[in-house]
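Novice: Pasting a predicted model and its sequence here:
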Amino acid sequence: MTKADTVAVEGAPSGAGPAAAPGTTLAATPGPAAPLPPGSPIPVEQRPAWLTGLYIASGLMMFLTQGLGLNIVNVNLYQLQGTFSATVAEVAALSAAYMFPYASLSLALFKIRVQYGLRPFAELSIAAFVLASCLNLFVTDLHSAVVVRFVSGMAAAPLSSLGFLYILEAFPPQRKLNLGLSIALMGTLLAAPAARIISPTLLDFDGYRALYTMELGLSLIALPIIYLLPLTPPPRAKVIQRTDVFTYLLLAIGLGSLAVFFTLGRFYWWLEAPWLGVLLASALAFLTAYGMIELRRENPLLDLRWIFSRSNLHLAAVLIMFRAITSEQSTTIVSFYQQLGLQNDQMTFLYVLILIASVLGGLVCAGLMLRESTGLAHVIALSLIAAGAFLDSQSNNLTRPEQMYLSQSMIAFGAAMFLPPVMAKGFASAMERGAPHLVNFITIFLFTQITGSVITTAFLGSFVTIREKFHSSILVENVLLTNPQVTQRISQLVGGYSHTITDRTLLNAEGLALLGQQVSREAYVLAYNDTFLLIGCVTIASLVILLLHLAWNRFAVARSKPASGEAGMALPKQV
């Protein structure tokens, strides 16, 4: 996070011609400025401060509107079981239905926006989202909810793009890829903690309907923004070909099937449900067919050869690693507290701190990027995330949110600092090769942030399950009825039931069941500690690689300076 359609810098910046390069300013041309056509945005140089702030706030509103729709089910899976009379795995189908179209639709929207114009794209996008939000009010059961979530995933895909467009519109060209991008990517991190903060109150008020009534309200707030705050339109070009429609369908089905497979795999377990294998095989078949067709085209939908170049594979690995280490906060820590019996309303202040830390991290990152200290930003980010993960790995069954205020704030601060420098470098590299390569860069970002997020969440969830079985088997080996301590513990557990259950056999069975629950809880605590430790070790390994890379770059620069100096001394002085 979506958040993925970061093609916001595709058009000419406000107040600059189409030849303006990112990070540069155009020389002022003498003479009176031409009058602006009606409905055009005011150039950045002439824009008052309050209007600039309004563009930034509008972009953050788009991110919040889209992000709450994405996270509102994910953060309330267990609470929605009663609403739909379904199991956790069945409720998880709501997330899978949302992710199926959302995983790939931004790719098609890029070309649609370029060919048909930004203004019609924005107006139709927000109208479609309002309509999809209205459909949520007519949900009566799980089946209708799945259909509506699929439609919502289609309608929400453009909103992240509009969020980037509005925030980057507020800044001059030389600030778009540092300050603007930092604030935009910070905005993508706000929706998840915000959803957990407001969900308990809404669920108490009117359950599932209250959640989506709020989403409808946010979409209605975003609707007039599109009409009152115009964006700088990029030049139109005919970029859509007939073959694009067919190849996009292959890509959409392939990526969507992968998203569903990794979303539901850990709930139905990977080797237990045959339809999961069919889904994975179908995804691979569609993606293979897509690749075979695209590699033969002169103007493909995606430049696969460029996407799978060495530099882009390195970028994809960095982005996937980022999703893996930050999923500790987005999913793992939540599941840990759910195993301990805590719900969202008992962790509200923790999420408030996470929200504040994310904002502060984004602002500090913006300051470092203005000073071109991207290496320092990455070192600080990875150090904070590693320290927070190692602190969390010391948890026990008495750990409560208060004990994780510091560690989770560190992780949120570091996560907000990590992504903007990577994205800025990728954007600059794509724009050097021309606007068509922006859609290819978006593909990399989409796969790593959407599908990559689902994959890492599935992997860590499966890792917790496997480690829980391992620790449970070891703990059960030591639970013997011949052990006096075990017998004493069972007596303590059934002490409150002795007045109501007179049958000694039933009483002992109840005690063994309660003891089994405690053993399972301890096994889960140990499994989550292993997961936190794994994330910390991966982060430390990434930090070491980063430090070696920075040291090598400094060595290469220092080594090249004497050679350039000697060459300069050999040349005659020119006046």
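Specialist: Sure thing, it's come through.
Novice: buried residues in the helix or strand containing L60?
Specialist: Element membership of L60, judged by DSSP states H and E, is helix 49-74. With burial defined by 16 or more other CB atoms under 10 Å, the residues of helix 49-74 counted as buried are 54-56, 58-74. C-beta: built from backbone N, CA, C; applies to glycine.
Novice: Kindly report the same for stretch 117-135.
Specialist: Buried residues in stretch 117-135, defined by neighbour count with 16+ other CB under 10 Å: L118, F121, A122, S125, I126, A128, F129, V130, A132, S133, L135.
Novice: quick one, helices of the stretch 301-450 of the chain?
Specialist: 304-307, 310-327, 333-339, 348-370, 374-392, 405-432, 436-446 (DSSP state H, counting those that start in this stretch).
Novice: Kindly report the same for the stretch 51-200 of the chain.
Specialist: Shown for the stretch 51-200 of the chain, the helices assigned by DSSP H, counting those that start in this stretch span residues 80-84, 88-102, 105-116, 118-135, 142-169, 173-175, 181-187, 191-228.
Novice: and the two most separated of the buried residues of stretch 117-135?
Specialist: Maximum pairwise distance among those (CB to CB): 26.1 Å, between L118 and L135.
Novice: Specify the angle between the helix or strand encompassing F262 and helix 49-74 in degrees.
Specialist: Taking DSSP H and E as the criterion, F262 maps to helix 242-268. Compare the direction of helix 242-268 with that of helix 49-74 by axes from the mean of the first three to the mean of the last three CA atoms, to 10 degrees and you get 50 degrees.
Novice: tell me the mean pLDDT over helix 242-268?
Specialist: Summarised as a single mean, pLDDT over helix 242-268 is 84.
Novice: for that helix, packing partners?
Specialist: Other elements packing on helix 242-268 under the criterion 3 or more CB pairs under 8 Å, 6 or more residues apart in numbering; DSSP states H and E are helix 88-102, helix 105-116, helix 274-294, helix 452-477.
Novice: Distance from it to the middle of the chain?
Specialist: Using CA atoms, centre = their mean, to the nearest Å, the distance from the centre of helix 242-268 to the centre of the chain it belongs to is 18 Å.
Novice: just stretch 317-325 next, same as before
Specialist: The chain centre lies 11 Å from the centre of stretch 317-325; the measure is CA atoms, centre = their mean.
Novice: next one: stretch 354-371
Specialist: A distance of 17 Å separates the centroid of the chain from that of stretch 354-371, by CA atoms, centre = their mean.
Novice: Can you show me the CA trace of that stretch as PDB?
Specialist: What follows is stretch 354-371 as a C-alpha-only set of coordinates in PDB (Å, rounded to 0.1, in the frame of the first residue of the first chain):
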ATOM      1  CA  ILE A 354       1.600   3.800  16.400                       C
ATOM      2  CA  LEU A 355      -0.300   6.500  14.500                       C
ATOM      3  CA  ILE A 356       1.700   9.300  16.100                       C
ATOM      4  CA  ALA A 357       5.000   7.500  15.500                       C
ATOM      5  CA  SER A 358       4.200   6.900  11.900                       C
ATOM      6  CA  VAL A 359       3.500  10.600  11.300                       C
ATOM      7  CA  LEU A 360       6.700  11.600  13.100                       C
ATOM      8  CA  GLY A 361       8.700   9.000  11.200                       C
ATOM      9  CA  GLY A 362       7.400  10.400   7.900                       C
ATOM     10  CA  LEU A 363       8.300  13.900   8.800                       C
ATOM     11  CA  VAL A 364      11.800  13.000   9.900                       C
ATOM     12  CA  CYS A 365      12.300  11.000   6.700                       C
ATOM     13  CA  ALA A 366      11.200  14.000   4.600                       C
ATOM     14  CA  GLY A 367      13.800  16.200   6.400                       C
ATOM     15  CA  LEU A 368      16.500  13.600   5.700                       C
ATOM     16  CA  MET A 369      15.600  13.300   2.100                       C
ATOM     17  CA  LEU A 370      15.700  17.100   1.700                       C
ATOM     18  CA  ARG A 371      19.300  16.800   2.900                       C
END
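Novice: quick one: contacts of it?
Specialist: Applying CB atoms under 8 Å, 6 or more residues apart in numbering, the contact partners of stretch 354-371 are 175, 178-179, 181-183, 185-186, 189-190, 193-194, 197, 329, 374, 376-377, 381, 408-410, 412-417, 420-421, 424.
Novice: Try it again at 7 Å.
Specialist: Contacts with stretch 354-371, where a contact means CB atoms under 7 Å, 6 or more residues apart in numbering, come from 178-179, 182-183, 186, 189-190, 193-194, 329, 376-377, 408-409, 412-417, 420-421, 424.
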